[in-house]
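Enquirer: Sequence and predicted structure, then a few things I'm wondering about:
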Amino acid sequence: MTLAPKHQRLVLVLLAVAALIGAVMLAMWGLSDRAAYFRTPQDVAAGRAEVGVPLRLGGMVQKGSIQRMPDGVSVAFVLTDGVGQVPVRFTGIVPDLFKENSGAIAEGQLGRDGTFVADNILAKHDERYMPPQMGNQAAEMMTRETAK
Amino acid sequence: MIAEAGLAALWLAFSLALLQFGLAVVGNRLGDLKTLVAPVAVAQGLLTLLSFALLIWLFLRTDTSVQLVAANSHSAKPFIYRFSGAWGNHEGSMLLWVTVLSAAGALLALVERRLPERSLRATLGAQALLALGFFGFLLIASNPFTRLDPAPLQGQGLNPLLQDPGLAFHPPTLYLGYVGLSVAFSLAVGALVTREVGPAMARAMRPWVLGAWVLLTIGIVAGSYWAYYELGWGGWWFWDPVENASLMPWLAATALLHSINVLAARGSLRAWTVMLAVVAFSMSMIGTFLVRSGILTSVHSFAVDPTRGSFILGLLIFYTGGALLLFALRIASVREGARFEIVSREGALVANNLILSVILGTVFVGTLYPVAVEAMSGEKISVGPPYFNAVTGPLVVILAVLLFIGPLLRWRRDTRPNLRRVAMPAVVTAVAFALTFIDPAMNLLPRLGLSFAAGLAVASFLPLAGRDLRRTPLTIWGMVISHLGIAVAMTGAAADASLTRETLAAARIGEVLTVGPWKVRFNGVDPVAGPNWTAVEGHLVATRGSTSIRLDPQSRYFSSPPTETNEAAIITRLDGQLYTVIGKREGDRWQMRLWWKPMVTFIWLGGALIALGGLLALIGRLRRERGRPLPLAEAQT
């Protein structure tokens, strides 16, 4: 099939446009169920966190809530933002800066029993990671505490 | 005085860029003066280099009367990190960016002899206009030479994560790549202005794109390996916005590289190539914007300032928007390229470009989606590996299939494509696919990845079939090695995704842990001290068969600024790596994380092959095209 020059250019332009639209549609399809939403314990308490999909849960590690499991590598704790409280379970090496009364982000999924099972923990002030969301949240929390 | 001299050099370079732009714009009316454009470009490049050299000198002397040095350096730091500290911060890295930009313009003015004079002048004008924006940014918003009074006795130090030889040279490599694409951008703008879009432009552009692409590849591969061994997470690609910031220009440059070849050899895909050149450099600027703006904070959150983001965003919109406007106005006057049929080398390269563009589009949307959502609804969102893997994985497999066939097709039209040559790789793919069922737990995507990688490894050598190997041009070798590199890297990525074995435990001294084929004995811990850190060091002995090897992973503490890092200990074998990390103390036990990662090194080995292929092609081009007349395609159109 030989195309006239004008038609060939037209076909190329149409292909390019189709590729662009295809990319955006593919991206939207992917984002519809795979964008990890950032949630707060307050959202979870209000039922605004989906069960069984990847999420990021950010909050403060509640004082006295850290329990080490007998296997030596699992830990259970509670993330709070002053309103909601979510129990979290994690198996792995927690970041060095993970402590009580300090900000942390758990990446994982919310289970049906209301426990958040994390595959990854990011601690606030951890040089390795500090999502911008955490910065805002920590600031809000500090103002809330001073207000008390 | 050094700081003032550096600032003066920068201002002078700024003025010369202004002069260069002016001379280029009114060039034809100036008679003899128009020949000044090239010398001015060279002088501008030299002055910027001088300014950057002076900044490095300030860092080497740890001159704390300069604010930037005081904030980012410390006299007790090892020499190499005082040196690399010069660009391990916002101002220094932006000065490095401008330095490379100016130096690239100067080099272009010095070496380019084959472009029509008018086009070269317009190109240098465009390059000067680019430099002006970034000079302005430095001088107005991020002066690296600001003095600090009174000068502190000691500097504050450098983020310990940046104190790593790999990272010291990672940003310059990426910047050289980013900014190499600026020349492609300027050449495209120059060609549009003078209506000279054609093979001559493509030939002038090709070495720059090849060079930039090689450097971007090296930068990405090195960055990936750095993240792998330094972060202690055992991962090699996190789809972090900053990683995406370097991947996006690479994808665009890869597409550009292939379409340039069509334009240079056959005269086709003119508008397409110009468009890709604009997109590639825009992606470089978006990368800079993402990293520098603070919009997306990430692993690399060391040099961030939100207020400066808007300046870079302004530059981005001005340059990209300006180039696109020029493109829209001039595209009708770009001459028709040579025709080709769908089943041809050109057709395959168009398909390659389309798939690369789709991958680029999905990465772009995924990276910027959180910003858009937060701007519109205030909702905080983050897009991560589940999205990127699901979307890009299948596209990469399609790309691999295309790589089987494309290099075997003839230019212009292939009436009877010799499909028998594809039979062998197809059989290899099928056999490999069957073999993956040895591990029934494997997911479909790694299965496809491993089998198509095996087929591609065979297919990549086919263009050499029937050739006299000693007389085969370097450019063909380059293609073969790069395509083989893709197969090797795909193998590593698929193996890492599906075959990794992990053991996580709290171990007592004397305990033996098992991971994959290795038995690892924990012999105890010791405190150790480095030049500016202290650490707990674990002693492990790993045994497989009759060999035993010591491993000493560390958990390090830096006091200035207070930071803790993990230093993984890694054993590399032909068939994979044993990766060990020591964690916290739990009573009389220590947390250990052990990974056996079969073929994981193939990821970076493949990346190195891809870069090597690009380098060979670059050498081949430079040798072959010196003073060679334009091909027939130019005369035909």
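Expert: Perfect, thanks for sending it.

Enquirer: what about residue 82, how many residues close to it?
Expert: If you meant another chain, say so; for now it's chain A. 15 (other CB atoms under 10 Å in any protein chain shown). (Each C-beta comes from the backbone N, C-alpha and C, glycine too.)

Enquirer: Wait, chain B was what I had in mind.
Expert: B:Arg82 has 23 nearby residues by other CB under 10 Å.

Enquirer: Report the contact partners of it.
Expert: B:59-60, B:62, B:73, B:75 (CB atoms under 8 Å, 6 or more residues apart in numbering or on different chains).

Enquirer: Generate a ChimeraX selection restricted to the buried entries among these.
Expert: Typed into ChimeraX, the line below selects the buried ones among the contacts of B:Arg82, using 16 or more other CB atoms under 10 Å in any protein chain shown:
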select /B:59,62,73
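
Enquirer: Between the contacts of B:Arg82, which sits nearest B:His258?
Expert: Of all the contacts of B:Arg82, B:Phe59 has the smallest distance to B:His258: 40.5 Å, by CB to CB.

Enquirer: host element of the closest one?
Expert: When elements are assigned from DSSP states H and E, B:Phe59 belongs to helix B:37-60.

Enquirer: Does anything pack onto that helix? Which helices or strands?
Expert: Helix B:37-60 sits against helix B:2-25, helix B:67-72, helix B:79-84, helix B:90-111, helix B:117-141, with contacts defined as 3 or more CB pairs under 8 Å, 6 or more residues apart in numbering or on different chains; DSSP states H and E.

Enquirer: Would you convert those helices into CSV that also reports distance to A:Ala36 and mean pLDDT?
Expert: Output for these, formatted as CSV (distance: least, CB to CB, whole Å; pLDDT from 0 to 100):
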stretch, distance to A:Ala36, mean pLDDT
helix B:2-25, 43, 93
helix B:67-72, 33, 84
helix B:79-84, 34, 83
helix B:90-111, 29, 91
helix B:117-141, 33, 92
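
Enquirer: among these, which is nearest B:Pro385?
Expert: helix B:90-111 (27.1 Å).

Enquirer: Just the angle for that closest one relative to helix B:37-60, thanks.
Expert: Relative orientation of helix B:90-111 versus helix B:37-60 (axes from the mean of the first three to the mean of the last three CA atoms, to 10 degrees): 150 degrees.

Enquirer: For helix B:90-111, which residues meet the burial criterion?
Expert: B:90-109.

Enquirer: what's the neighbour count on B:Gly587?
Expert: 9.

Enquirer: pLDDT wise, what is it at?
Expert: Confidence at B:Gly587, expressed as pLDDT, is 84.

Enquirer: Please name the nearest non-neighbouring residue to it.
Expert: A:Gly72 (7.8 Å; CB to CB, 6 or more residues apart in numbering or on different chains).

Enquirer: related to what we said a few turns ago, considering the contacts of B:Arg82, which is situated nearest to chain A?
Expert: Nearest to chain A among the contacts of B:Arg82: B:Ser73, at 17.5 Å, using CB to the nearest CB.

Enquirer: Tell me the spacing between the closest one and B:Leu192.
Expert: 44 Å (CB to CB, to the nearest Å).

Enquirer: likewise B:Leu578?
Expert: Computed as CB to CB, the B:Leu578 to B:Leu192 distance reads 54 Å.

Enquirer: Could you do B:Arg29 as well?
Expert: From B:Arg29 to B:Leu192 the distance is 21 Å (CB to CB).

Enquirer: So those two - more neighbours on which side?
Expert: Neighbours were counted for B:Arg29 and for B:Leu192 using other CB under 10 Å; B:Leu192 has more, 26 against 8.

Enquirer: in chain A, which spans are helices?
Expert: Under the criterion DSSP state H, chain A contains helices at A:5-34, A:41-45, A:132-147.

Enquirer: helices and strands around the longest one, which ones?
Expert: Put plainly, it is helix A:5-34. helix B:270-293, helix B:345-377, helix B:385-405.

Enquirer: measure B:Leu329 to B:Val189 for me?
Expert: 12 Å.

Enquirer: pLDDT weak spots in chain A?
Expert: For chain A, the stretches with pLDDT under 70 are A:1-6, A:124-148.

Enquirer: quick one, domains of it?
Expert: A:1-35, A:37-123 (automatic domain parsing).

Enquirer: Looking at the helices and strands packed on helix A:5-34, which one is packed in the most?
Expert: Most buried of the helices and strands packed on helix A:5-34 by mean neighbour count (mean count of other CB atoms under 10 Å in any protein chain shown) is helix B:270-293; its value is a mean of 25.

Enquirer: Spatially central residue for the chain, please.
Expert: Assuming you mean chain A. A:Arg56 (2.0 Å; CA atoms, centre = their mean).

Enquirer: actually chain B
Expert: B:Leu216 (2.9 Å).

Enquirer: The closest residue in space to that residue that isn't next to it in sequence sits in which helix or strand?
Expert: Spatial nearest neighbour of B:Leu216, excluding adjacent residues (CB to CB, 6+ apart): B:Gly177 at 3.5 Å. Assigned by DSSP H and E, B:Gly177 belongs to helix B:170-193.

Enquirer: In the following helix or strand past that helix, which residues are buried?
Expert: Counting by DSSP H and E, the next helix or strand C-terminal to helix B:170-193 is helix B:199-230. For helix B:199-230, the buried set under the neighbour-count rule, 16+ other CB under 10 Å, comprises B:199-230.

Enquirer: quick check: mean pLDDT across helix B:199-230?
Expert: Average pLDDT, helix B:199-230: 92.

Enquirer: cool, and stretch B:251-266?
Expert: Stretch B:251-266 comes out at a mean pLDDT of 93.

Enquirer: quick revisit: most packed of the domains of chain A?
Expert: Buried most deeply of the domains of chain A, by mean count of other CB under 10 Å, is domain A:37-123, with a mean of 18.

Enquirer: Got phi/psi on B:Ala535?
Expert: phi -150, psi 160 (degrees, to the nearest 10).

Enquirer: Can you check the pLDDT for it?
Expert: 91.

Enquirer: Quick check: bridge partners of it?
Expert: On the basis of DSSP bridges, B:Ala535 is bridged to B:Val528, B:Arg556.

Enquirer: what's the burial count for it?
Expert: 23.

Enquirer: Quick check, B:Leu124 in contact with B:Ala38.
Expert: Yes - counting by CB atoms under 8 Å, B:Leu124 touches B:Ala38, with 6.7 Å between them.

Enquirer: More neighbours: which of the two?
Expert: Set B:Leu124 next to B:Ala38 and count neighbours by other CB under 10 Å: B:Leu124 wins out with 27 against 21.

Enquirer: quick one: contacts for that one?
Expert: Contacts of B:Leu124 were listed using CB under 8 Å, 6+ apart, and they are B:20, B:24, B:37-38, B:41, B:105, B:108-109, B:186, B:190.

Enquirer: One more: B:Gly613?
Expert: With CB under 8 Å, 6+ apart, B:Gly613 has these contacts: B:477-485.

Enquirer: Next step: those restricted to helices.
Expert: Going by DSSP H, the helices hold B:477-485 from these.

Enquirer: got TSV for these, with pLDDT, neighbour count and distance to B:Arg585 too?
Expert: Below are those laid out as TSV (pLDDT from 0 to 100; neighbours: other CB atoms under 10 Å in any protein chain shown; distance: CB to CB, whole Å):
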residue	pLDDT	neighbour count	distance to B:Arg585
B:Trp477	94	19	54
B:Gly478	94	22	52
B:Met479	93	23	53
B:Val480	95	20	52
B:Ile481	96	21	48
B:Ser482	96	26	48
B:His483	94	25	49
B:Leu484	96	21	47
B:Gly485	97	25	43
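
Enquirer: Not counting sequence-adjacent ones, nearest residue to residue 28?
Expert: Going with chain A. Looking at A:Met28 with CB to CB, 6+ apart, the closest residue is B:Val365, at 7.6 Å.

Enquirer: Hmm, no, I was thinking of chain B.
Expert: B:Asn28 sits nearest to B:Lys34 (CB to CB, 6+ apart), 6.8 Å away.
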